[in-house]
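**Q** with the sequence up front, the predicted model follows.
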2 protein chains.
Amino acid sequence: MICLSLQSTLPVRLSPVDCLAIERAGAAVAFSGAARVDLIREGDPTPSALVLLEGWACRYKDLPDGRRQIVGFVLPGDVSNLGKQLAGAMDHAIQSITQVRYMLVNPEQTDALAASVPGFVEALLAQEQITAAIQREWLLSLGQRRADERMAHLLVELHLRLHAVGLTDRATCDFPLVQSDLAAATGLSAVHVNRTLQQLRRDELIELSGKRLTILDIDRLREIAQFEGRYLQLA
Amino acid sequence: MICLSLQSTLPVRLSPVDCLAIERAGAAVAFSGAARVDLIREGDPTPSALVLLEGWACRYKDLPDGRRQIVGFVLPGDVSNLGKQLAGAMDHAIQSITQVRYMLVNPEQTDALAASVPGFVEALLAQEQITAAIQREWLLSLGQRRADERMAHLLVELHLRLHAVGLTDRATCDFPLVQSDLAAATGLSAVHVNRTLQQLRRDELIELSGKRLTILDIDRLREIAQFEGRYLQLA
DNA sequence: CGATTGTTTGAAAACAGTCAACGGACGTGG
DNA sequence: CCACGTCCGTTGACTGTTTTCAAACAATCG
């Protein structure tokens, strides 16, 4: 079903009720997408917003020679791409990782939405800010953290973000990423990701198999990652 | 003097006239800062906006153990930190690289400014978008480009951004960064930055000395960097 | 000048990437 | 139901890039 977060535990977000209102107003169209399909391609006109209702997606950029970097993950309830002001083209693409349900908001209708859905503009702006803060934290990771630290940081971040939208079961959560996804996100080779994960498992920090992740020792993991959660603006 | 860019060649920006209007309205205070001083620290309350009038600055994040990553450069005319909606704390710091002149806009007065300075909100939003796009391109660099490609990309980007605000003399521009700045921005060690620059000089791609940069062969440099300029939204 | 900061150099070591191969899990179609 | 192919995870050996350490040198500034 719709998995948007509760207003109470988070900075401003769109509630499921908001989403219904948006859709009924005809200002957004809800889509279903298969796994591993581009939802928006680089160079496409920027939609006013993409709201992910169910599933996981990622933002990525490719180099001309084919190397790919994932620049962010989009989790249920996330809103992306406030693009109205630029009216430009997407500088990156968004691809589904699992099956997804999502809404695309038409740029021409943002003004009407802003008027009819209280908190709509605020939710978009808040999400933009958090997305930018996550990107900066990833820059810190890619630039300064070593492989194990980087991996630990990413796992803690994803678990925390999922927890914030109620998609965890204690220390466990769904984890649809394959090792080559983790490689594209961390800037490591797939082989090195494999070895790094094995190290984390050997040290009894995580369990990871069958598309499920369990964090066994959150304290030690955060310490390894030098994880400072303020950037997520949660809690 | 004031070095803001012309509206004509760029996405929406604040003009020098706008800045004067903002300052006269008492909604922002203009500051002068020495080189290598924090203008805003991590954890500080987010100002509504920082407008850099003169000089270079950078945004950076530190790990608890002291490693530092520069997550972006702030050049004359850049506007940062639309923070009103979050009312949160800074997730990163901003430090001057050279002597600087800048304005800080009071969060309480953004609404008034939005009304009295046409294009104020648009300028802030557009700048936020471009800053986020640059961060994504840097993620691609740190994750996928090797040292020489990374350095080439950064030099091309900085020259292009300076050119857009009229701060270049053909292929030459001021370049106040020291090698340890380049190291903190590219995620390389200072020693490796040194060797990488020497390689670029030996290949007659750049000249770099005495705080001046000259790009000798822009085409070859862009090719090495696999530079795709769309993300900057210039030209 | 002397002190400080920034640049350059060499050698060794650590870290991460590449290549190649194998095995298991899964799904599809025969 | 089995055979096959594909995707994903795993392993080993080797290579290459980047870091670290240490020292010397150059430039800059009181």
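**A** Looks like it came in fine.

**Q** how does chain A divide into domains?
**A** Here the domain assignment for chain A is A:7-136, A:145-232, based on automatic domain parsing.

**Q** any idea which of those domains gets closest to residue B:42?
**A** domain A:145-232 (8.4 Å; CB to CB). The C-beta positions use only the backbone N, C-alpha and C, and glycine is treated the same way.

**Q** ends of the closest one, what's the gap?
**A** Across domain A:145-232, the terminal residues are separated by 18 Å (CA to CA, to the nearest Å).

**Q** what does stretch A:32-44 give?
**A** 19 Å.

**Q** helices along chain A, start to end?
**A** With DSSP state H, the ranges of helices along chain A come out as A:16-24, A:110-116, A:120-144, A:147-164, A:179-186, A:190-202, A:218-225.

**Q** briefly note if the longest one comes near chain B.
**A** Just to be clear, that refers to helix A:120-144. Yes: counting by CB under 8 Å from any CB of the partner chain, chain B has neighbours in helix A:120-144: A:122, A:125-126, A:128-129, A:131-133, A:135-140, A:142-144.

**Q** tell me the angle that helix makes with helix B:120-144.
**A** 30 degrees (axes from the mean of the first three to the mean of the last three CA atoms, to 10 degrees).

**Q** related to what we said a few turns ago, which of the helices of chain A is buried the deepest?
**A** helix A:120-144 (a mean of 23; mean count of other CB atoms under 10 Å in any protein chain shown).

**Q** residues from chain A in reach of DNA strand C?
**A** Within chain A, the positions adjacent to DNA strand C are A:146-148, A:187-189, A:191-192, A:210 by CB under 7 Å from any atom of the strand.

**Q** not counting the one helix or strand in chain A whose mean pLDDT sits lowest itself, show me its contacts.
**A** Taking mean pLDDT, DSSP states H and E as the measure, chain A has helix A:16-24 as its least confident helix or strand, at a mean of 72. Here helix A:16-24 makes contact (CB atoms under 8 Å, 6 or more residues apart in numbering or on different chains) with A:2, A:4, A:14, A:28-30, A:51, A:53, A:103, A:105, A:113, A:116-117, A:119-120, A:123.

**Q** hmm, back to that, adding distance to residue B:214, write the domains of chain A out as CSV.
**A** CSV is the format used below for the domains of chain A (distance: least, CB to CB, whole Å):
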stretch, distance to residue B:214
domain A:7-136, 26
domain A:145-232, 31
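
**Q** rewinding a little: how far does the least confident helix or strand of chain A sit from its chain's centre?
**A** Chain-centre distance of helix A:16-24: 21 Å, with CA atoms, centre = their mean, to the nearest Å.

**Q** angle of it against helix A:120-144?
**A** 110 degrees.

**Q** which ones are touching residue A:68?
**A** Contacts of residue A:68 (CB under 8 Å, 6+ apart): A:60-62, A:184, B:144.

**Q** list only buried entries from the contacts of helix A:16-24.
**A** A:4, A:14, A:28, A:51, A:53, A:103, A:105, A:113, A:117, A:120, A:123 (16 or more other CB atoms under 10 Å in any protein chain shown).

**Q** and those, which of them are in strands?
**A** Under the assignment DSSP state E, these contribute A:28, A:51, A:53, A:103, A:105 to strands.

**Q** out of those residues, who's nearest DNA strand D?
**A** residue A:53 (23.1 Å; CB to the nearest atom of the strand).

**Q** who's in contact with the nearest residue to residue A:27 once chain neighbours are set aside?
**A** Distance criterion CB to CB, 6 or more residues apart in numbering or on different chains; nearest residue to residue A:27, sequence neighbours excluded, is residue A:109 at 4.0 Å. Counting by CB under 8 Å, 6+ apart, residue A:109 touches A:25-28, A:48.

**Q** for ChimeraX, write the select line for the buried members of these.
**A** In ChimeraX, a selection of the buried entries from the contacts of residue A:109 looks like this (16+ other CB under 10 Å):
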select /A:27,28,48
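
**Q** out of the contacts of residue A:109, who's nearest chain B?
**A** The shortest approach to chain B among those belongs to residue A:48, at 12.2 Å (CB to the nearest CB).

**Q** so that closest one makes contact with residue A:105?
**A** Yes: using CB atoms under 8 Å as the test, residue A:48 is close enough to residue A:105 to be in contact (4.5 Å).

**Q** pLDDT value on the residue nearest to residue A:27, please?
**A** Residue A:109 carries a pLDDT value of 80.

**Q** what do you get for residue A:226?
**A** Looking at residue A:226, the pLDDT reads 98.

**Q** residue contacts, it?
**A** Neighbours of residue A:226 in contact, by CB under 8 Å, 6+ apart: A:145, A:149, A:153, B:63-65.

**Q** distance to residue B:202 and pLDDT for these - can I get that in TSV?
**A** Below are these laid out as TSV (distance: CB to CB, whole Å; pLDDT from 0 to 100):
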residue	distance to residue B:202	pLDDT
A:145	32	98
A:149	34	98
A:153	37	98
B:63	34	98
B:64	39	97
B:65	35	96
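
**Q** closest to residue B:204 among the residues you listed?
**A** residue A:145 (35.4 Å).

**Q** you'd agree the closest one is up against residue A:225?
**A** Yes: using CB under 8 Å, residue A:145 is in contact with residue A:225, at 7.2 Å.

**Q** so what sits against both of the two?
**A** With CB under 8 Å, 6+ apart, residue A:145 and residue A:225 have common neighbours residue A:153.

**Q** picking up where we left off before, residue B:98 is nearest to which of the domains of chain A?
**A** Taking the domains of chain A one by one with CB to CB, domain A:7-136 is closest: 22.4 Å.

**Q** do the closest one and DNA strand D come into contact?
**A** No: residues of domain A:7-136 contacting DNA strand D under CB under 7 Å from any atom of the strand: none, with a closest distance of 7.7 Å.

**Q** for residue A:173, give the beta-bridge partners.
**A** In this entry, residue A:173 is beta-bridged to residue A:168, residue A:213, by DSSP bridges.

**Q** noted, bye for now.
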